[in-house]
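In: With the sequence up front, the predicted model follows.
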Amino acid sequence: MEQSFQTLGEFIIDNQSDFQYSTGELSRLINSIRLAAKTVNYQVNKAGLVDITGSIGSSNTSGEDQQKLDVYANDVFIKTLIDRQIVCGIASEENDDFICVNSSDGGYNNKYVVLMDPLDGSSNIDVNVSVGTIFSIYRRVSPPGTPVVLEDFLQPGNQQVAAGYIIYGTSTMLVYTTGHGVNGFTLNPAIGTYYLSHPQMTISEDGRIYSINEGNYVHFPIGVKKYLKFCQEEKDDRPYTSRYIGSLVSDVHRNIIKGGIYIYPTSSKAPNGKLRLLYECNPIAMIMEQANGKASDGYQRILDIVPTELHQRAPFFCGSSNMVRKAEEFMSS
């Protein structure tokens with residue numbers, strides 16, 4: 001017998017009072033992301049049957065090969081957000097610059113900007129590994145009625161009003177927070193509706209999983225190497241289990257549910273780290289903290305970093321709070 005679950009739409013309505021600015025726009029914005037995610041999910045599920053996988057032969061602003069699904073997902077999210085007339089600006093990992101939504105689309109008077117990684121882990125799509133979408137929402141700092149400016153996007157993560165991710169896996173889930181805990185909704189593909197399946201998600205203080213690309217070990221800073229040796233040591237409740245998918249959303253989602261730490265540090269190959277602060281680190285950090293976890297660059301809280309550019313990179317440690325603290329101890333020793 002099927003259980004009776006609350007739908008995402010019902011949940012948004014019931015929790016409207018939790019939003020700091022209860023005018024309905026943020027609810028409509030979450031609904032727009034839900035709609036775009038269903039469209040992207042449909043294409044992801046057809047990978048292998050239609051010509052939607054592989055590289056398009058160009059690179060994004062970060063110098064990475066753009067996959068066909070990257071471009072498709074980017075277009076879908078941008079079009080959906082603009083058509084619904086609820087954002088004043090959009091920044092995407094796939095675009096060189098931010099998009100100012102013009103006055104004819106109501107953009108100048110809207111209050112919110114969205115930053116996103118439209119399809120994280122897309123290089124794994126042709127081998128059927130779970131991929132995801134990551135999004136971050138801020139209130140603009142520029143005056144309403146004017147075009148958005150760069151400063152609207154270069155806000156520290158502690159100013160986010162909402163953040164979330166969609167994971168396209170064995171089931172499709174939308175996980176998000178508005179600063180009042182983390183809730184997960186699973187898509188019923190038969191009727192196209194998301195249902196609350198994971199209420200008030202939390203991560204354990206301690207975990208037994210560490211997620212890092214150990215193939216880059218020789219390039220890691222000494223603090224990370226020491227922490228990995230600690231994880232592998234046969235003592236107390238160790239060694240920990242190594243689990244690394246290579247898709248940020250998938251690794252983080254597993255660790256929230258099972259307990260663990262995800263690390264993408266600086267290295268001699270990537271001296272500033274690889275993940276983007278605005279599109280990946282900040283939204284995941286907000287979710288992690290709202291789930292009672294911790295997120296750091298190895299030395300300081302991710303959400304307190306003041307960004308200076310749209311595509312800024314940062315080292316990233318997130319997960320079970322005691323595991324992240326222990327990693328920070330090794331980084332500082």
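Out: That came through, no problem. Predicted model, so just to flag it, every value in this text is computed and none were measured.
In: What are the boundaries of the helices in the stretch 101-250 of the chain?
Out: Assigned by DSSP state H, counting those that start in this stretch, the helices in the stretch 101-250 of the chain fall at 222-232, 248-258.
In: Report the contact partners of S130.
Out: Contacts were defined as C-beta atoms under 8 Å, 6 or more residues apart in numbering; by that measure S130 touches 121, 124, 167-170, 245, 247, 249-250. Every residue, glycine included, has its C-beta placed from N, CA and C.
In: Skipping its backbone neighbours, what lies nearest it in space?
Out: Leaving aside its chain neighbours, S130 sits nearest to G169 (3.6 Å; criterion: C-beta to C-beta, 6 or more residues apart in numbering).
In: Okay, and the beta partners of Y194?
Out: Beta-bridge partners for Y194, by DSSP bridges, are L187.
In: What is the neighbour count of it?
Out: Residues lying near Y194 (other C-beta atoms under 10 Å) number 23.
In: That one touches G184, doesn't it?
Out: No - if you go by C-beta atoms under 8 Å, Y194 and G184 don't touch, sitting 9.4 Å apart.
In: Need the overlap of contacts for the two.
Out: In terms of C-beta under 8 Å, 6+ apart, Y194 and G184 are both contacted by the residues L174.
In: Quick check: the gap between S333 and V218.
Out: Distance of S333 to V218, computed by C-beta to C-beta, to the nearest Å: 20 Å.
In: Kindly apply the preceding question to G121 instead.
Out: According to C-beta to C-beta, G121 and V218 sit 24 Å apart.
In: between the two, who's got more neighbours?
Out: G121 (21 against 9).
In: And the residue lying closest to the more buried one once chain neighbours are set aside, what's its pLDDT?
Out: Residue nearest to G121 in three dimensions, not counting chain neighbours: S247, with 3.0 Å by C-beta to C-beta, 6+ apart. pLDDT for S247: 93.
In: I'd assumed G132 was in contact with S247.
Out: Yes - between S247 and G132 there is a contact at 6.7 Å, judged by C-beta under 8 Å.
In: The helix ranked longest in the chain packs against which elements?
Out: For the chain, the helix that runs over the most residues, judged by DSSP state H, is helix 25-44. Other helices and strands packing on helix 25-44, by 3 or more C-beta pairs under 8 Å, 6 or more residues apart in numbering; DSSP states H and E, are helix 8-14, helix 68-83, strand 112-120, strand 131-139, strand 162-168, strand 172-177.
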